[in-house]
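Visitor: everything below, folded, please.
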Amino acid sequence: MSAFHFDRTWTFAVPPDELWDVVTRTDHYQRWWTWLRRLDAPEVRAGAVAACVIQAPLPYALRLHIAIERAEAPSTIETYVRGDLDGPARLEIEPTAGGSSARLAWELEVRGRALRQVARVARPVMVWAHDRVVATGVDQFRTRALDGRR
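Guide: Down below sits the predicted model:
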């Protein structure tokens, strides 16, 4: 089964330092993101490991452990995801004329027998569910995290 690839960039009207400060507030994540059912996340630093449960808009939840391999303020977080999904993920924050850009990229394989079987027959539906969770997450981040800090 081939990995799921994701590589998107968004712009935010705040400078990289401010975006980094908000992104690293792991204790606020569950208030921002309705699809995040459980989170145990220490501070964002190399060596930290977060455990979470993500509820998809389909009848399954993903259980993940996210190990931070590198964190360089205010620009980079590199992680390795294990659990129902497995693979590397990276966040890159860069300055732009109007604030910041945030590029999120990952290449994750589905693990677990049941999810792999679903992915074989319903991959387009899983991609739709994933894209919906991410789009909702970005919208919630803008309105609850960035707008809420002012």
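
Visitor: buried sites along the helix or strand hosting Trp128?
Guide: According to DSSP states H and E, Trp128 maps onto helix 113-140. Residues of helix 113-140 classed as buried under the neighbour-count rule (16 or more other CB atoms under 10 Å) are Leu115, Val118, Ala119, Met126, His130, Val133, Gly137, Gln140. Heads up, the C-betas are built off the backbone N, CA and C, glycines and all.

Visitor: next one: stretch 48-59
Guide: Those would be Ala48, Ala50, Cys52, Val53, Ile54, Gln55, for stretch 48-59 by 16+ other CB under 10 Å.

Visitor: can you put these in TSV and add pLDDT, secondary structure and distance to Pro15?
Guide: Output for these, formatted as TSV (pLDDT from 0 to 100; DSSP: H, G, I helix; E, B strand; the rest coil; distance: CB to CB, whole Å):
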residue	pLDDT	secondary structure	distance to Pro15
Ala48	97	coil	25
Ala50	97	strand	26
Cys52	96	strand	28
Val53	96	strand	33
Ile54	91	strand	29
Gln55	87	strand	33
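
Visitor: which one of these is nearest to Pro74?
Guide: Nearest to Pro74 among the buried residues of stretch 48-59 is Ala48, at 17.1 Å by CB to CB.

Visitor: thought Thr24 was touching the closest one, still the case?
Guide: No. Between Ala48 and Thr24 there is no contact under CB atoms under 8 Å: 10.7 Å.

Visitor: can you give me the strands for the chain?
Guide: Using DSSP state E, the strands of the chain run over residues 4-12, 36-40, 49-55, 61-72, 76-83, 85-96, 99-110.

Visitor: pLDDT weak spots in the protein?
Guide: By pLDDT under 70, the low-scoring segments of the chain are 1, 148-150.

Visitor: could you rerun that using 80?
Guide: Within the chain, the segments meeting pLDDT under 80 span 1-2, 56-59, 112, 148-150.

Visitor: distance to Tyr60 added to the buried residues of helix 113-140, as CSV?
Guide: Putting the buried residues of helix 113-140 into CSV (distance: CB to CB, whole Å) gives the following:
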residue, distance to Tyr60
Leu115, 7
Val118, 7
Ala119, 11
Met126, 9
His130, 12
Val133, 12
Gly137, 17
Gln140, 21
